[in-house]
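Sequence and predicted structure, then a few things I'm wondering about:
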Amino acid sequence: MDKKAALTAMDKDPDSLDKALKNWPSSDLRSKIRQDNRIKLTFGIHPRIVEMENTSKLNEWISDLEWLLKANRVVAVGECGLDNSGRKWDVEKQIKFFEKQIVIAVKRDLPLVIHCRGDERTDEICLNTLVRLLPKHFKLHRHCFNGDEMMYRKWKTSFPNCKFGISPFILNDQKYPKYRSLVCNMKLKDIVLETDAPYLHSEFEDFGSPLMIKDICEKLANIFLCSVEEIANITTKNATDVYSII
Ligand SMILES: [Zn+2]
């Protein structure tokens, strides 16, 4: 279901939002999307899944992951990382499966998409784990980054090839005022744009869409006082660099 169809469905039946979200995009559409060679893939075991599943199942999935990464058009390992935003937080278990995925990424020479959500301590453990296992120039995408300037500088010092995902948080100045000041202090060459659709959304929408990439681009043009084309060109180059897409 595309965004317009989902909204129409919601108009008719407001309770259908959950259904619309679950069906967005539909599996039929997803299969069609996957046929487009411009669409690249990443595979990983998300830390929230690590938290929920038992160790033997997760070990099976680690073997599956090694196999899945051999598929055409795979450009990275992830999302993987640490998340202590849920009710439970088995830090040892999350680190263990994060480490396994880092080792796989090194073996396959694929960049990592890092999901790191929680407090400063979570960020510190995440960065220390990466520093322990990766060479300094390894490519990272710190997905949906919403840390502070200090964290940004720490990550850049440890991994100069790290790119930071700027998400729809930037479209909601009132709710996230610190996010704008963080982005103002970042270098454009460190930024990639992402929507995390349908999970993240702007203050004007009930759910997200990949189309929001244009809004994020316009917002950055406004912040960095340059044209939308310039932001699009630089951030596209950053994305193709980090994922080695020719
Ligand atoms: Zn994530």
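Yep, that arrived.

how many neighbours does residue 151 have?
When neighbours are defined as other CB atoms under 10 Å, residue 151 has 19 of them. Where you see a C-beta, it was placed from the backbone N, CA and C, and this is true even at glycine.

Run the contact check for stretch 162-170 versus the ion.
No: contact check for stretch 162-170 against the ion, using CB under 5 Å from the ion: none in range, with a minimum separation of 9.0 Å.

Let me see the mean pLDDT of the longest strand that the chain contains.
Here the longest strand in the chain is taken by residue count, with DSSP state E as the criterion, and it is strand 74-83. Strand 74-83 shows a mean pLDDT of 98.

Give me the sheet partners of that strand and which way each runs.
Strand pairing for strand 74-83, using DSSP bridges, gives strand 41-43 (parallel), strand 112-117 (parallel).

wait, what's in contact with the most centrally placed residue in the chain?
With distances taken as CA atoms, centre = their mean, the residue of the chain nearest its centroid is residue 143 (3.3 Å). With contacts taken as CB atoms under 8 Å, 6 or more residues apart in numbering, residue 143 has the following neighbours: 78-79, 113-115, 165, 194, 196.

Test of understanding: give the bridge partners of the residue in the chain positioned nearest to the ion.
Using CB to the ion, the single residue of the chain nearest to the ion is residue 115, 3.8 Å away. Listed beta-bridge partners, residue 115: residue 81 (assigned using DSSP bridges).

any idea how far it lies from residue 144?
Here the criterion is CB to CB, to the nearest Å. By it, residue 115 lies 8 Å from residue 144.

again with residue 214
Between residue 214 and residue 144 the computed distance is 18 Å (CB to CB).

So which residues on the chain come close to the ion?
Residues of the chain that fall close to the ion, judged by CB under 5 Å from the ion: 79, 115.

Report the residue spans of the chain with pLDDT below the cut-off.
Applying pLDDT under 70 to the chain flags the ranges 1-25, 202-203.

any residues touching the helix or strand hosting residue 121, and which ones?
With secondary structure defined by DSSP states H and E, residue 121 is part of helix 120-133. Contacts of helix 120-133 with the rest of the structure, by CB under 8 Å, 6+ apart, involve 81-84, 91, 95, 98-99, 102-103, 106, 112, 114, 116, 138, 140, 147, 151, 154-155, 158-159.

any idea which helix or strand comes after it?
Going down the chain from helix 120-133, the next helix or strand is strand 140-142, by DSSP H and E.

What helices and strands are in contact with that following strand?
strand 112-117, strand 162-166 (3 or more CB pairs under 8 Å, 6 or more residues apart in numbering; DSSP states H and E).

got the ones you listed as CSV, with mean neighbour count columns?
Putting these into CSV (neighbours: other CB atoms under 10 Å) gives the following:
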stretch, mean neighbour count
strand 112-117, 26
strand 162-166, 24
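
related to what we said a few turns ago, so residue 214 and residue 144 - more neighbours on which side?
A side-by-side neighbour count of residue 214 and residue 144, using other CB under 10 Å, places residue 144 first with 21 against 13.
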